[in-house]
Every structure is written in C-alpha cells, then in structure tokens.
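Chemist: Quick check, what structure comes out for this input:
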Amino acid sequence: MQTSALDSTFSALADPTRRAILARLALGETTVKELSEPFEMSQPAISKHLKVLERAGLIERGREAQMRPARLNPAALKGAAEWIEEYRRFWEASFDRLEEYLKRIQAKETSDGDSNQ
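Modeler: Below is the predicted model of the structure:
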C-alpha cells in the first residue's frame, strides 16, 4: 500500500466518531440522517466525517434521488490490515525468541542449582 494511502487510512481511523461510523456502515448502506442519530452532532458535522472517510477510500457515496447513501468499502482496509499484519508477525517472532531465551535461562538456573547441592 502506498504511504499516502496508508496515512489517509490511519488518519481517518484516528477519530472515534469515524470508527463508529465505519462500524455502523459494516451493517449496511445508510443515509447521513440515519448515521447522525446516535451522535450528538449535526448532519453537517457527520457529513464532514464522511468526506474524510470518502477521501481515504474507506467509504463510497451513492446518489439516489435526493439522498446520498454511504456504504463501507472494505477493500480499502485491506492495505492497513496487511501493514498491521507484518508487525504482528514481527512481534510474535520476537516474543517467541524471548520465550525460548527465558526457558534456556530457567533451565540453566535449574541445572546450576542441582549441581550446587
């Protein structure tokens, strides 16, 4: 994933309201009015959040008569998920090496303690 796309994705995901909007859109397409109901903010404020999500490619906006329903674009999250997965594998490998090291130290301490008796 390109750095600028990754930056846009994480920037959009940094806001809890936008994450909540994405969670709601994961249930299906909806309107700005419906999205604004659980929040204590105006429809224009929700629209601003939607614009950020749309610029990041996380959502798509349609046009049906006077309405512009929003829907999740799950493919846009794939790049961020892949980036995170690389670091998950790195940390798991690091923790596995640490675990092996600690086991060797404990085994050595146990064997040293047995030889001192």
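
Chemist: Quick one: the helices in the protein, in order.
Modeler: With DSSP state H, the ranges of helices along the chain come out as 3-13, 16-25, 32-36, 43-55, 75-115.

Chemist: Need those helices in a markdown table (columns: mean neighbour count).
Modeler: From N, CA and C alone the C-beta is placed, and that goes for glycine too. Formatted as a markdown table, the helices of the chain follow (neighbours: other CB atoms under 10 Å):
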| stretch | mean neighbour count |
| --- | --- |
| helix 3-13 | 15 |
| helix 16-25 | 17 |
| helix 32-36 | 16 |
| helix 43-55 | 17 |
| helix 75-115 | 11 |
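
Chemist: Quick one: these as JSON lines, columns for distance to residue 69 too.
Modeler: Shown next, in JSON lines, are the helices of the chain (distance: least, CB to CB, whole Å):
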{"stretch": "helix 3-13", "distance to residue 69": "19"}
{"stretch": "helix 16-25", "distance to residue 69": "10"}
{"stretch": "helix 32-36", "distance to residue 69": "8"}
{"stretch": "helix 43-55", "distance to residue 69": "11"}
{"stretch": "helix 75-115", "distance to residue 69": "17"}
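
Chemist: Can I get those in JSON lines including mean pLDDT and distance to residue 63?
Modeler: Shown next, in JSON lines, are these (pLDDT from 0 to 100; distance: least, CB to CB, whole Å):
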{"stretch": "helix 3-13", "mean pLDDT": "89", "distance to residue 63": "22"}
{"stretch": "helix 16-25", "mean pLDDT": "95", "distance to residue 63": "17"}
{"stretch": "helix 32-36", "mean pLDDT": "88", "distance to residue 63": "13"}
{"stretch": "helix 43-55", "mean pLDDT": "93", "distance to residue 63": "13"}
{"stretch": "helix 75-115", "mean pLDDT": "87", "distance to residue 63": "20"}
